[in-house]
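Trainee: Sequence and predicted structure below; questions after.
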Amino acid sequence: SNIKEKMATFDKGSPYQAGSPYQTGFSTGTGFGGQQNTANLKGKLTALDEQMRILTEELNHHKKEVQILRSEKDTLESMLTMKTQEVKNTLGNELYRVEEEMKRHFAHQKAQNMQLQQHITTLKGEKTALQQQILGIEKRISELEMQIGREDSQLLCE
């Protein structure tokens, strides 16, 4: 009975089990209940093999998921880089077009300003000439009025 209790304790997870760092080197496969122990050990090994197979499958599955995610990340980064470059090029072209249009408008405005300045200069010259003509005509009118006034006074005197 005492041996059976020790075996039961061993089977329940004693630190001295096969494969543990505390293994004593004594074989439990011989002696009292040796065949039962061997079957129990085979069952445990089979369970461990199955658990290792499942864990390996899970690990491989997760590795594939990581590869897929990395691939998706690389694809998204590539697309983002392309879109960024496309927007940069579009904005650069638009900026160049707007700058060129502004240059044309400024050049046109400058030409119009020069034309207006020439018209103003011409009009000022014409104004000055007209003012001189007006002064000349006013002088002539004054002279004529004086002459008429003399003639009138001479006619009255006669």
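Mentor: Yep, that arrived.

Trainee: Find the centremost residue of the chain, please.
Mentor: Centroid-nearest residue in the chain: residue 84, 5.7 Å away (criterion: C-alpha atoms, centre = their mean).

Trainee: Which helix or which strand is home to that one?
Mentor: Assigned by DSSP states H and E, residue 84 belongs to helix 34-157.

Trainee: any idea of the mean pLDDT for that helix?
Mentor: The average of the pLDDT scores along helix 34-157 is 93.

Trainee: Which strands or helices does it pack on?
Mentor: For helix 34-157, the packing partners by 3 or more C-beta pairs under 8 Å, 6 or more residues apart in numbering; DSSP states H and E come out as helix 2-11. From N, CA and C alone the C-beta is placed, and that goes for glycine too.

Trainee: for the record, mean pLDDT for the helix it packs on?
Mentor: 48.

Trainee: returning to that earlier point: how far out from the middle of the chain is the helix holding residue 84?
Mentor: How far helix 34-157 lies from its chain's middle: 17 Å, per C-alpha atoms, centre = their mean, to the nearest Å.

Trainee: one step back: what about the residue nearest to the centre of the chain, distance to residue 97?
Mentor: According to C-beta to C-beta, to the nearest Å, residue 84 stands 20 Å off from residue 97.

Trainee: State the number of residues packed around residue 129.
Mentor: 10 (other C-beta atoms under 10 Å).

Trainee: measure it to residue 122 for me?
Mentor: Separation of residue 129 from residue 122 (C-beta to C-beta): 11 Å.

Trainee: which residues are common contacts for those two?
Mentor: By C-beta atoms under 8 Å, 6 or more residues apart in numbering, residue 129 and residue 122 have no common neighbours.

Trainee: What count of nearby residues applies to residue 44?
Mentor: 14.

Trainee: wait, what's in contact with it?
Mentor: Residue 44 neighbours (C-beta under 8 Å, 6+ apart): none.
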